[in-house]
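J.: Dropping a prediction and its sequence here:
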Amino acid sequence: MQMPNLLEAKKRTKIEPKTIDYNLKEEYKSLGKNKTYYIKTYGCQMNEHDTENIKAILEQMSFKETDIMENADLILLNTCAIRENAHNKVFGMVGRIKHLKESRPNIIVGMCGCMVQEEVIAEEIKNKYKWLDIVFGTHNINELPQILAKNSKNKSLELEVYSIEGDIIENMPAKRDSKYKAWVNIMYGCDKFCTYCIVPYTRGKQRSRTKENIINEVKELIKDGYKEVTLLGQNVNAYGKDLDVNYDMSDLLEETAQTGIERVRFITSHPWDFTDKMIKVIAKYPNVMPYIHLPLQSGSNKILKLMGRRYTKEEYITLYNKIKEIIPNCAITTDIIVGFPGETEEDFKDTLDVVNTCKYDSAFTFIFSPREGTPAAKMKDETSLEIKEQRLYKLNDLINSYARKANEKYQDQIVPVLLENTSEKNEEMLMGYTDTMKLVNVKASKELIGKIVDVKITNVKTWSMDGEIIN
Ligand code: 5AD
Ligand code: SF4
């Protein structure tokens with residue numbers, strides 16, 4: 001049993017991460033024969049992509065996917081730790097699964113992802129959820145076959161969660177959700193240590209993949225018919241800073257664009273590392289999409305400092321203006337936290353001011369959630385939940401009004417849309433995203449799925465638009 005440890009997780013040493021090649025041993029290839037698996041994924045795109053890797057590993061072991069949890073022989077919850085409510089959701093689900101396990105004791109139930117990297121959670125599992133079969137963390141997805149094999153032999157809880165800084169695992173297979181859009185990890189972990197954030201503890205030290213491995217993956221995806229890649233990392237602008245090379249995110253973005261893939265996106269950016277060179281590359285290559293997610297978190301300099309964000313409101317706005325000047329059609333979205341410890345009405349007003357200046361295309365907004373072990377969890381917080389909720393509603397109203405206005409500019413415009421699938425609400429319609437990441441529904445035949453088409457926007461709403469194909 002290997003338990004996570006917060007002090008270990010906080011450490012950053014000069015030790016270079018090892019690159020390990022994933023390879024499934026022959027002896028594990030039939031472990032899942034005649035068995036099905038079901039995975040529920042919580043949280044961010046990083047987790048979604050991890051799930052794609054887990055699915056492919058399980059399928060190499062002969063497991064087959066099922067959409068019905070109640071029928072599965074293996075149930076896995078890939079968890080998120082970013083806010084407290086994720087905890088309640090996950091353990092609510094674990095309770096439901098316990099009933100299933102009582103009626104079908106042979107099913108294997110597991111937890112993985114960011115939450116189990118938390119020391120308190122691993123303790124909770126060890127003490128209160130001993131009936132679980134397997135628990136593994138974000139650093140050892142590649143060990144899933146061994147962990148399953150051990151559990152099948154010992155019939156007891158296999159808990160293997162490391163807090164070492166983590167390795168880079170190459171050649172992990174992926175069962176991708178889409179045939180046209182793919183996530184490509186460019187780095188793992190984060191070294192920014194924003195004071196509210198648990199990610200640097202759960203995902204470990206920043207480890208960039210080599211440019212060769214990334215570009216090769218993109219080239220393979222092109223061969224497989226993919227139209228769009230999203231370069232993925234907690235803080236992609238810091239790409240390469242941990243490698244001994246003179247090559248940064250703007251170089252990687254440029255080289256990815258030069259592969260000829262039809263669309264390139266990247267998430268998430270930290271304003272601190274966003275260079276002029278980056279802006280130039282986005283502007284220069286038509287296949288780099290004019291869409292940037294640029295988390296603000298707060299518009300108050302006092303709160304930004306307490307958050308450890310290392311930029312001021314003024315610096316953020318300067319960056320924003322520079323982007324809009326060089327890439328006028330660029331859509332910009334953001335993340336904002338309200339109710340951070342010490343946030344006064346005045347500080348909150350500063351946040352609203354920045355929103356009024358930046359007029360975001362959309363935003364994810366959150367109430368601050370203290371995460372045990374992070375510095376912000378120990379800060380004095382005197383604002384009531386009621387006031388925090390009021391701030392959130394007020395902020396959301398403002399965000400929604402700008403989202404609607406941003407969409408209104410699209411009325412009667414012709415925009416490129418990558419058609420991905422049938423629309424959830426109407427089987428006759430297809431859905432897809434513009435270059436600027438606007439959701440569009442169009443009446444079109446299913447044969448066009450996977451194609452980038454020109455669409456004239458006929459109707460705009462706050463969160464989506466309708467259009468018709470013009471070519
Ligand atoms: N409380 C509330 N929101 C948080 N986020 C990260 N940590 C916390 C927290 N402790 C938000 C940030 C980040 C997004 C992914 O989640 O806005 O950008
Ligand atoms: Fe968390 Fe800050 Fe790293 Fe983003 S940049 S993952 S908010 S520590």
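T.: Cool, got the structure. Numbers count the residues shown, from 1 in each chain. Ligands and ions are numbered 1, 2, ... in the order given.
J.: can you pull the contacts of the residue nearest to Ala377 when sequence neighbours are not counted?
T.: Spatial nearest neighbour of Ala377, chain neighbours left out: Pro370 (3.9 Å); criterion: CB to CB, 6 or more residues apart in numbering. Placement of C-beta: from N, CA and C, glycine included. Residues in contact with Pro370 (CB atoms under 8 Å, 6 or more residues apart in numbering) are Glu84, Tyr196, Ala376, Ala377, Asp381.
J.: Would you list the buried entries among those residues?
T.: The neighbour-count criterion (16 or more other CB atoms under 10 Å) marks Tyr196, Ala376, Ala377, Asp381 among the contacts of Pro370 as buried.
J.: any idea which of those is closest to ligand 2?
T.: The shortest approach to ligand 2 among the buried ones among the contacts of Pro370 belongs to Tyr196, at 7.4 Å (CB to the nearest ligand atom).
J.: Just the mean pLDDT for the longest helix along the chain, thanks.
T.: Criterion DSSP state H: the longest helix present in the chain is helix 385-408. Averaging the model's pLDDT scores along helix 385-408 yields 98.
J.: Now do the buried residues in stretch 150-169.
T.: Within stretch 150-169, the residues scored as buried using 16+ other CB under 10 Å are 151, 157-169.
J.: Greatest separation within those residues: which pair is it?
T.: Across the buried residues of stretch 150-169, no pair lies farther apart than Leu157 and Ile168, at 28.1 Å, counting by CB to CB.
J.: Asn140 is in contact with Leu159, isn't it?
T.: No - the criterion here is CB atoms under 8 Å, and Asn140 misses it with Leu159 at 11.1 Å.
J.: How many residues are close by Thr79?
T.: 28 (other CB atoms under 10 Å).
J.: With Glu8 instead?
T.: Glu8 is flanked by 14 other residues according to other CB under 10 Å.
J.: Report the secondary structure element holding it.
T.: Element membership for Glu8, per DSSP states H and E: helix 6-10.
J.: Tell me which other helices or strands that helix touches.
T.: Using 3 or more CB pairs under 8 Å, 6 or more residues apart in numbering; DSSP states H and E, the elements in contact with helix 6-10 are helix 199-202.
J.: close to ligand 1, is the helix it packs on?
T.: No - if you take CB under 6 Å from any ligand atom as the test, helix 199-202 misses ligand 1, and the best it gets is 7.4 Å.
J.: one step back: tell me which residues are up against the longest helix of the chain.
T.: 331, 336, 338-339, 343, 348, 351-352, 355-356, 359-363, 365-368, 438, 460-463, 465.
J.: Do any residues in it lie close to ligand 1?
T.: No - Helix 385-408 stays clear of ligand 1 (CB under 6 Å from any ligand atom), getting no nearer than 10.6 Å.
J.: how far is that helix from where the chain is centred?
T.: Its chain's C-alpha centre and that of helix 385-408 lie 23 Å apart, by CA atoms, centre = their mean, to the nearest Å.
J.: OK, contacts around Arg309?
T.: So Arg309 contacts Cys194, Pro271, Trp272, Gln297, Ser298 (CB under 8 Å, 6+ apart).
J.: what about 7 Å?
T.: Arg309 sits next to Cys194, Gln297 when contact means CB atoms under 7 Å, 6 or more residues apart in numbering.
J.: so is it in a helix, a strand, or just coil?
T.: Three-state call for Arg309 (DSSP: H, G, I helix; E, B strand; the rest coil): coil.
J.: one step back: possible to save the buried residues of stretch 150-169 as JSON lines with distance to ligand 1, secondary structure and pLDDT?
T.: Output for those, formatted as JSON lines (distance: CB to the nearest ligand atom, whole Å; DSSP: H, G, I helix; E, B strand; the rest coil; pLDDT from 0 to 100):
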{"residue": "Asn151", "distance to ligand 1": "32", "secondary structure": "helix", "pLDDT": "95"}
{"residue": "Leu157", "distance to ligand 1": "29", "secondary structure": "coil", "pLDDT": "94"}
{"residue": "Glu158", "distance to ligand 1": "29", "secondary structure": "strand", "pLDDT": "94"}
{"residue": "Leu159", "distance to ligand 1": "25", "secondary structure": "strand", "pLDDT": "94"}
{"residue": "Glu160", "distance to ligand 1": "26", "secondary structure": "strand", "pLDDT": "92"}
{"residue": "Val161", "distance to ligand 1": "20", "secondary structure": "coil", "pLDDT": "93"}
{"residue": "Tyr162", "distance to ligand 1": "22", "secondary structure": "coil", "pLDDT": "87"}
{"residue": "Ser163", "distance to ligand 1": "19", "secondary structure": "coil", "pLDDT": "84"}
{"residue": "Ile164", "distance to ligand 1": "23", "secondary structure": "coil", "pLDDT": "78"}
{"residue": "Glu165", "distance to ligand 1": "21", "secondary structure": "coil", "pLDDT": "75"}
{"residue": "Gly166", "distance to ligand 1": "20", "secondary structure": "coil", "pLDDT": "78"}
{"residue": "Asp167", "distance to ligand 1": "24", "secondary structure": "coil", "pLDDT": "87"}
{"residue": "Ile168", "distance to ligand 1": "23", "secondary structure": "strand", "pLDDT": "93"}
{"residue": "Ile169", "distance to ligand 1": "24", "secondary structure": "strand", "pLDDT": "93"}
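J.: still on that earlier bit, of the contacts of Pro370, which belong to helices?
T.: Going by DSSP H, the helices hold Glu84 from these.
J.: Can you tell me which of the contacts of Pro370 is closest to ligand 1?
T.: Tyr196 (4.1 Å).
J.: pretty sure the closest one is touching Glu372, no?
T.: No - with contact defined as CB atoms under 7 Å, Tyr196 does not reach Glu372; the gap is 11.9 Å.
J.: ok so, going back, which helix or strand lies directly C-terminal to the longest helix of the chain?
T.: The first helix or strand that comes after helix 385-408 along the chain, using DSSP H and E, is strand 414-422.
J.: List the pairing partners of the very next helix or strand once past that next one within its sheet, with orientation.
T.: Next in sequence after strand 414-422, counting helices and strands by DSSP H and E, comes strand 429-434. Sheet pairing of strand 429-434 (DSSP bridges) gives strand 414-422 (antiparallel), strand 439-443 (antiparallel).
J.: And the nearest residue to Ile222 once chain neighbours are set aside, its phi and psi?
T.: Taking CB to CB, 6+ apart as the measure, Ile222 lies nearest to Ile261, with 5.4 Å between them; neighbours along the chain are not counted. Main-chain torsions, Ile261, degrees, to the nearest 10: phi -60, psi 140.
J.: ok, Ile261 to Arg209 distance?
T.: Here the criterion is CB to CB, to the nearest Å. By it, Ile261 lies 17 Å from Arg209.
J.: tell me the helices in the stretch 251-400 of the chain, going along the chain?
T.: 276-284, 301-307, 313-326, 345-358, 385-408 (DSSP state H, counting those that start in this stretch).
J.: can I have stretch 112-124 written out in PDB, keeping just the CAs?
T.: Presented in PDB, the C-alpha positions along stretch 112-124 are these (Å, rounded to 0.1, in the frame of the first residue of the first chain):
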ATOM      1  CA  CYS A 112      -8.500   7.300  -9.300                       C
ATOM      2  CA  GLY A 113      -7.700  10.900 -10.300                       C
ATOM      3  CA  CYS A 114      -6.900  14.000  -8.300                       C
ATOM      4  CA  MET A 115      -9.000  13.400  -5.300                       C
ATOM      5  CA  VAL A 116      -7.200  10.200  -4.200                       C
ATOM      6  CA  GLN A 117      -3.900  12.200  -4.400                       C
ATOM      7  CA  GLU A 118      -5.100  14.100  -1.300                       C
ATOM      8  CA  GLU A 119      -3.700  12.700   1.900                       C
ATOM      9  CA  VAL A 120      -7.000  13.200   3.800                       C
ATOM     10  CA  ILE A 121      -9.000  11.300   1.100                       C
ATOM     11  CA  ALA A 122      -6.600   8.400   1.000                       C
ATOM     12  CA  GLU A 123      -6.900   8.100   4.800                       C
ATOM     13  CA  GLU A 124     -10.700   8.300   4.600                       C
END
